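# model the following, please.
(one chain, ligands or ions: 1)
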Amino acid sequence: MKRKEFFTALGVSAGTVMFAPFLVSCSKGTSVADPGTGGTPSGTVDFTLDLSLAANSALVAVGGSVINSGVIIAHTASGYVAVASACTHQGAQLVFDNANNRFNCSSTGGGHGSQFSTTGSVTAGPAPKALKMYSTSLVGTKLRVFA
Ligand code: FES
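The predicted model follows:
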C-alpha cells in the first residue's frame, strides 16, 4: 500500500497529517479563563500542572512561565510564584520578565507600561491595584496552584 492510499484508508488527508502536530500543540497549550473583574480569575483557582508535560516544560527552568486558567505561574530564582495573569488596568496579558524579576503588562508596546513585582504589587502604573497572588506547592513534578 502506498503512502497516499494508507492515509486515504485512514480517512485523513496530507494536510491533516501536516497540521496535526500543531493541532495537538494547541489542545495541550495553556488556556486563559475569563479574567473576571479587576483582572482576577472568576471562580475558584485550584489546579495542578504536571511539569513533566511538554505544555508546562517552560516552568522547569528558572525564568520560565506558563499561563493557565487566568493565572501566570513563573519560576523565579526564589521559586514558583503565581498571580492573576490579567493587568489590573485594562486586562492585557502579563508576561514574566526574568531579567528584572517582575511581571510586565503586554500592553507596554502600546504605551500603558504597568509593571508588577513577583508578589503582585504595582511597581509602575497606570495599573490601579495589585494582582491577586496564589499559593503554589510542588510535589515531585506536580505543581499545584491554589487560592
Ligand atoms: S492594560 Fe496593562 S497597563 Fe494598561
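
# drop to CA atoms for contacts and neighbour counts, all remaining ones
Will do.

# let me know the pLDDT of the residue nearest the centre of the chain.
Most central in the chain under CA atoms, centre = their mean is Ile67, positioned 1.0 Å from the mean C-alpha point. pLDDT recorded at Ile67 is 95.

# quick check: which element contains it?
Counting by DSSP states H and E, the element that carries Ile67 is strand 65-68.

# residues contacting the residue nearest to Arg102 when sequence neighbours are not counted?
Of all residues not flanking Arg102 in the chain, Ser117 sits nearest, at 4.7 Å (CA to CA, 6 or more residues apart in numbering). Taking CA atoms under 8 Å, 6 or more residues apart in numbering, we find Ser117 in contact with Asn101, Arg102, Phe103, Thr123.

# JSON lines for those, including neighbour count, secondary structure and distance to Tyr80?
Formatted as JSON lines, the contacts of Ser117 follow (neighbours: other CA atoms under 10 Å; DSSP: H, G, I helix; E, B strand; the rest coil; distance: CA to CA, whole Å):
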{"residue": "Asn101", "neighbour count": "17", "secondary structure": "coil", "distance to Tyr80": "12"}
{"residue": "Arg102", "neighbour count": "22", "secondary structure": "strand", "distance to Tyr80": "13"}
{"residue": "Phe103", "neighbour count": "28", "secondary structure": "strand", "distance to Tyr80": "13"}
{"residue": "Thr123", "neighbour count": "15", "secondary structure": "strand", "distance to Tyr80": "20"}
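
# now those residues as JSON lines including distance to Leu94 and pLDDT?
Shown next, in JSON lines, are the contacts of Ser117 (distance: CA to CA, whole Å; pLDDT from 0 to 100):
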{"residue": "Asn101", "distance to Leu94": "13", "pLDDT": "97"}
{"residue": "Arg102", "distance to Leu94": "10", "pLDDT": "97"}
{"residue": "Phe103", "distance to Leu94": "6", "pLDDT": "96"}
{"residue": "Thr123", "distance to Leu94": "14", "pLDDT": "96"}
